[in-house]
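Student: pasting a predicted model and its sequence here:
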Amino acid sequence: MVAYWIAHVEVTDPEEYGKYAALATVAVESHGGEFLARASRTVWLEGKERARNVVVRFPSVEDAERCYVSDQYQEALLFARDAAVRDLCIVEGDEPS
């Protein structure tokens, strides 16, 4: 089954977060991730609203986890940690029909 990496982000330092985004994009794509939604229009219905929302499809939960723990992604995270408040989860799911 495919997996979806879902991030809700409030950017506090756009310059540093931009460095994260550039490095993270390479890491995600090198692990088979495909960006489905990235900072697009959001209609928030419940919970803590974040200005930036990202959905990435990976071939599997394992691929998504391998991406997150990879040296390449961990290097990118060095720029995100103090540049944003983030929530991130992986959800296993079906391919869209």
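Tutor: Arrived safely, thanks for sending. Numbering: from 1, shown residues only.
Student: hey, let's count contacts and neighbours off CA atoms from now on
Tutor: Fine.
Student: tell me the contacts of Val55?
Tutor: 4-7, 35-38 (Cα atoms under 8 Å, 6 or more residues apart in numbering).
Student: so which of those residues wins on neighbours?
Tutor: When neighbours are taken as other Cα atoms under 10 Å, the top entry among these is Tyr4 (25 neighbours).
Student: does that one belong to a helix, a strand or coil?
Tutor: Put simply, Tyr4 is strand when judged by DSSP: H, G, I helix; E, B strand; the rest coil.
Student: what residues are bridge-paired with it?
Tutor: Judged by DSSP bridges, the bridge partners of Tyr4 are Arg57, Val91.
Student: picking up where we left off before, farthest pair within the contacts of Val55?
Tutor: Tyr4 and Arg38 (12.9 Å; Cα to Cα).
Student: so where do the helices sit in the chain?
Tutor: 14-30, 61-69, 71-80 (DSSP state H).
Student: tell me what angle the first one forms with helix 61-69.
Tutor: Okay, so that is helix 14-30. Angle between the axes of helix 14-30 and helix 61-69 is 140 degrees (criterion: axes from the mean of the first three to the mean of the last three Cα atoms, to 10 degrees).
Student: who touches helix 14-30?
Tutor: Contacts for helix 14-30 (Cα under 8 Å, 6+ apart): 11, 34, 67, 70, 72-73, 75-80, 83-84.
Student: any of the residues you listed buried? List them.
Tutor: 11, 34, 67, 72-73, 76-77, 79-80, 83-84 (16 or more other Cα atoms under 10 Å).
Student: in the residues you listed, find the pair that's most separated.
Tutor: Every pair of the buried ones among the contacts of helix 14-30 checked by Cα to Cα; the farthest is Glu34 and Ala83, at 23.4 Å.
Student: can you pull the contacts of Gly93?
Tutor: Residues near Gly93 by Cα under 8 Å, 6+ apart: 1-4.
Student: what about 6 Å?
Tutor: 2-3 (Cα atoms under 6 Å, 6 or more residues apart in numbering).
Student: for Phe35, which non-adjacent residue is closest in space?
Tutor: In space, and not counting its chain neighbours, Phe35 is closest to Val56: 4.4 Å by Cα to Cα, 6 or more residues apart in numbering.
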